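A.B. asks: just the structure for this:
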Amino acid sequence: MPTGTIKPQVFRDSLLSPSVRKQETQDASLADVIRLVAESVADAQTALDRASANLVTELAGQQVEVIPSITETIDSDGNVKYSQAKPRKVSLLDIGVMPTFYQFSQTVIEIQMDLKISEELNEKGIKSGRMALLADTAGIRFERKLNRDVTVSSKVTATLVPVPMPLRLEPVRTTDAD
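C.D. replies: Sure thing, here's the model as predicted:
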């Protein structure tokens, strides 16, 4: 890579910095938990795609010398002579070295938690009528530490599958011959 160019970032910055102190949340909206899981899978897929795309660029820029042809000549006495064409430089991509592209074709995530229905209270402590399903994993973790049976907790299974891109989003491709 030439000096002065900036290599694209393969991974996005972490949502929670490793250097910053964190505190576990006691509970969260089940919708937020599922959304965070889905976003985590999407972030991982983006990182895989970027890594493969960066490898394509790297392979295109890496030059190697290849000998395009070797001629074998057998004279009348049966002696064999070899002559080769002048070597030429080509990229690894030109000679067919291709990176592997990976994708999450299906992701199944199981989360064991306690679920509770909570209702919002306004500033006067009166119920607002808005209810939410909250997920609590701290209680499950505590029970595990005490070696207690946690089979009565809830389990949510979310399956993420890829879907094709909307047709109008993909550009129309045409090839013109001279």
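A.B. asks: not counting sequence-adjacent ones, nearest residue to Met98?
C.D. replies: Using CB to CB, 6 or more residues apart in numbering and skipping residues adjacent in sequence, the residue nearest Met98 is Leu59, 7.5 Å away. Where you see a C-beta, it was placed from the backbone N, CA and C, and this is true even at glycine.
A.B. asks: host element of the one you found?
C.D. replies: helix 30-61 (DSSP states H and E).
A.B. asks: may I see the buried residues of that helix?
C.D. replies: For helix 30-61, a neighbour-count test (16 or more other CB atoms under 10 Å) marks 30, 33-34, 37, 45, 48, 52, 55, 59 as buried.
A.B. asks: by contact count, what packs against it?
C.D. replies: strand 88-91, strand 107-121, strand 127-136, strand 154-160 (3 or more CB pairs under 8 Å, 6 or more residues apart in numbering; DSSP states H and E).
A.B. asks: ok, and what's touching the shortest one?
C.D. replies: By CB atoms under 8 Å, 6 or more residues apart in numbering, the surrounding residues in contact with strand 88-91 are 59-66, 68.
A.B. asks: pick out whichever of the buried residues of helix 30-61 sits closest to Lys22.
C.D. replies: Using CB to CB, Val33 is the member of the buried residues of helix 30-61 that sits closest to Lys22, with 16.5 Å.
A.B. asks: ok so, going back, tell me the mean pLDDT over the helix holding Leu59?
C.D. replies: Across helix 30-61, pLDDT averages out at 86.
A.B. asks: quick check: the residue nearest to Met98 touching Leu92?
C.D. replies: Yes - the pair Leu59 and Leu92 qualifies as a contact (CB atoms under 8 Å) at a distance of 4.4 Å.
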